[in-house]
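Undergrad: pasted the sequence and its predicted model underneath.
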Amino acid sequence: MTHAAASTAAPALRLERARGRAEVGFRFADGATRLERLYQEGQAKIRLPKPYGEEAPTAVLINTAGGIAGGDHIAYAARFGAGTRAVVTSQAAERVYRSSQTDGGRDGVIETRLEIGAGARAEWLPQETILFDRARLSRSLDIEMAADASLLAVESIVFGRTAMGEEVESCRLVDRWRVRRGGRLVFADALRLEGAAREILAGSATGAGARAVATVLWIDAGVEARVDDVRAVLATASGEAGASSFDGMLVARLAAADATVLRADLVRLLLHIREAELPRVWSC
């Protein structure tokens, strides 16, 4: 009689992954922008600080998990009803930690959807996303906006905190933007960086040694006439920066060898575009 040998191999350890979804909606009523919908579950939360003076209502996104690890999934959504003016930002920089074998080497996922109604003025102003060594992130930003709506959107990525001596030797980043205006796709942007991050970013066409990068998208009536003064602001940047304008949109790209430099350049540009202070959480 033969007997099957019992396996002595330990079962693979799979850690519990974080999940979160948060949604906010605004409507215009009685001459002002007001909250219409607030939904939150899991690690994703939203806070609505009281606006003062001429401040637009602001929704502050919070990831209570303290960051994104491999296999985590967080989804945000915001609806700006017709005629509204509002800002969505984040409490702090988002951190994306290393993906290990215990989580199957999976990507962390962040999905964001914005819906902007007729005549609405929407701002998507999250703070930086910081990637740590061996981080894996798949991020998407999908925006549907009315033909006469306006948008100011920014995303910035930091490859390790230089002040802490951190080095990102390897990572995986997939970052995708899709913007539809009046039902027509007007902006599509995709970045994929995988493998030896330092070597890739060292190339003259891929960062020239940048450790922090940002994209700013501004869609508004008459924005093409503003490209020269935006370029004038970017000419004072300590890092590398440039802007172009087409089809009712203005796109600015910024890069720097240090996250602090990039943030200073980005803040200067956003203050110029907004003609107002940034959300208070940016100064906390």
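TA: Sure, I can see it.
Undergrad: what does the host helix or strand of Arg34 contact?
TA: When elements are assigned from DSSP states H and E, Arg34 belongs to strand 32-42. Strand 32-42 is contacted by residues 18-28, 46, 48, 56-57, 74, 79, 81, 83-86 when judged by C-beta atoms under 8 Å, 6 or more residues apart in numbering. C-betas here are computed from N, CA, C, even on glycine.
Undergrad: could you flag which of the residues you listed are buried?
TA: Among the contacts of strand 32-42, those classed as buried by neighbour count (16 or more other C-beta atoms under 10 Å) are 18-28, 46, 56-57, 74, 79, 81, 83-86.
Undergrad: follow-up on the earlier one: partner strands of the strand holding Arg34 and their direction?
TA: strand 19-29 (antiparallel) (DSSP bridges).
Undergrad: got the CA coordinates for the partner strand in PDB?
TA: Taking C-alpha atoms only, strand 19-29 is exported to PDB below (Å, rounded to 0.1, in the frame of the first residue of the first chain):
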ATOM      1  CA  ARG A  19     -10.300  49.000   0.300                       C
ATOM      2  CA  GLY A  20     -11.900  52.400   0.200                       C
ATOM      3  CA  ARG A  21     -14.500  54.500  -1.800                       C
ATOM      4  CA  ALA A  22     -15.500  58.100  -1.200                       C
ATOM      5  CA  GLU A  23     -17.900  60.200  -3.300                       C
ATOM      6  CA  VAL A  24     -18.900  63.900  -3.000                       C
ATOM      7  CA  GLY A  25     -21.400  65.900  -5.000                       C
ATOM      8  CA  PHE A  26     -22.200  69.600  -5.100                       C
ATOM      9  CA  ARG A  27     -25.300  71.500  -6.400                       C
ATOM     10  CA  PHE A  28     -26.100  75.100  -6.900                       C
ATOM     11  CA  ALA A  29     -29.000  76.400  -4.900                       C
END
